[in-house]
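A.B. asks: let's see this in three dimensions:
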Amino acid sequence: VADIGPCIPPVPPSPLMLYAPTVSMLPALSAASLELIRVIQQNRACADGLERLAQSWAVIDEPVLCHNDFRWSNVLATGTARRDLRLVLVDWELAGLADPAWDVGSVFAAFLESWLARSAGQGTAQQRLDSAPLGPTQRSVRAFWSAYCDSRAPLSPRRLLIRSTRYAAARLAQTAYEQAQVLPTLPSEAHQLLGLAASVFASPYESAVHLLGLSLT
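C.D. replies: As a prediction, this is how the structure comes out:
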């Protein structure tokens, strides 16, 4: 912790710049990555949502120590029995002072990605809900959100929730981008992630309630 700088990096993380990639990002872009960026730029909800987050990246009330790269692959389970089970967050290479909503939104996105993976290829939104109901995902999200608020007591839980929901959409877009980097064409899973991200960006309040199953009060 002593090595962490006193300020939030002024440059937003690259996922927030997918609506307008920087010059430094261009050499690493594959054909599928370029296709993904075109899709984002043509979707005003995605492009405007990412731009809004990028512009407000360093303008927050209370920066805290954040992991900055939460994903299931960075979570280890230890213990030999259920009562001894402990979850350990690893890979703190990107840790630093940041908006707590970035980590919280990353957790939300991880749950949504797992739900989307279970419902992939099921056709319409209703068919996906029938094959992989949101109920179990929402219960997990509520358990996490309740434990987070109990342990940290954020100054404005409602504001943090909505900002975290928007960051969840950004992380969904980031996952689509990571998929595109290793494939020659943009896969259907990436399109589904972007579609979900666009829906969340367009209606963050409704998404917090009806998608994540949380209460604004």
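
A.B. asks: can you pull out the low-pLDDT segments for the protein?
C.D. replies: Under the criterion pLDDT under 70, the flagged ranges of the chain are 1-10, 120-127, 129-131.

A.B. asks: can I get stretch 167-182 in CSV, CA atoms only?
C.D. replies: Backbone C-alpha positions of stretch 167-182 (Å, rounded to 0.1, in the frame of the first residue of the first chain) are rendered in CSV as follows:
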residue,chain,number,x,y,z
TYR,A,167,-19.3,0.9,-14.9
ALA,A,168,-20.7,-2.6,-15.1
ALA,A,169,-21.8,-1.7,-18.7
ALA,A,170,-18.3,-0.5,-19.4
ARG,A,171,-16.8,-3.8,-18.1
LEU,A,172,-19.2,-5.7,-20.3
ALA,A,173,-17.8,-3.8,-23.3
GLN,A,174,-14.3,-4.5,-22.1
THR,A,175,-14.9,-8.2,-22.0
ALA,A,176,-16.2,-8.0,-25.6
TYR,A,177,-13.1,-6.1,-26.5
GLU,A,178,-10.8,-8.8,-24.9
GLN,A,179,-12.6,-11.5,-26.9
ALA,A,180,-12.1,-9.5,-30.1
GLN,A,181,-8.4,-9.2,-29.5
VAL,A,182,-7.8,-13.0,-29.9
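
A.B. asks: what's in contact with it?
C.D. replies: Defining contact as Cβ atoms under 8 Å, 6 or more residues apart in numbering, one finds that stretch 167-182 is touched by 15-16, 18, 28, 30, 32-33, 35-36, 40, 46, 49-50, 53, 99, 101-102, 104-106, 108-110, 112-113, 186-187, 189-191, 193-194, 196-198, 200-201, 204, 207, 212. C-beta here means a position set from N, CA and C on the backbone, and glycine is covered the same way.

A.B. asks: which of these are buried, as a PyMOL select command?
C.D. replies: Those of the contacts of stretch 167-182 that meet the burial criterion (16 or more other Cβ atoms under 10 Å) are gathered into one PyMOL selection, given here:
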select buried, resi 15+16+18+32+33+35+36+40+46+49+50+53+99+101+102+104+105+106+108+109+110+112+113+186+189+190+193+194+196+197+198+200+201+204+207+212
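
A.B. asks: helices - which of the contacts of stretch 167-182 land there?
C.D. replies: When helices are assigned by DSSP state H, the members of those inside them are 32-33, 35-36, 40, 46, 49-50, 53, 101-102, 104-106, 108-110, 112-113, 189-191, 193-194, 196-198, 200-201, 204.

A.B. asks: could you list the buried residues of the longest helix anywhere in the chain?
C.D. replies: Here the longest helix in the chain is taken by residue count, with DSSP H as the criterion, and it is helix 157-181. Across helix 157-181, burial judged by 16+ other Cβ under 10 Å covers 157, 160-177, 179-180.
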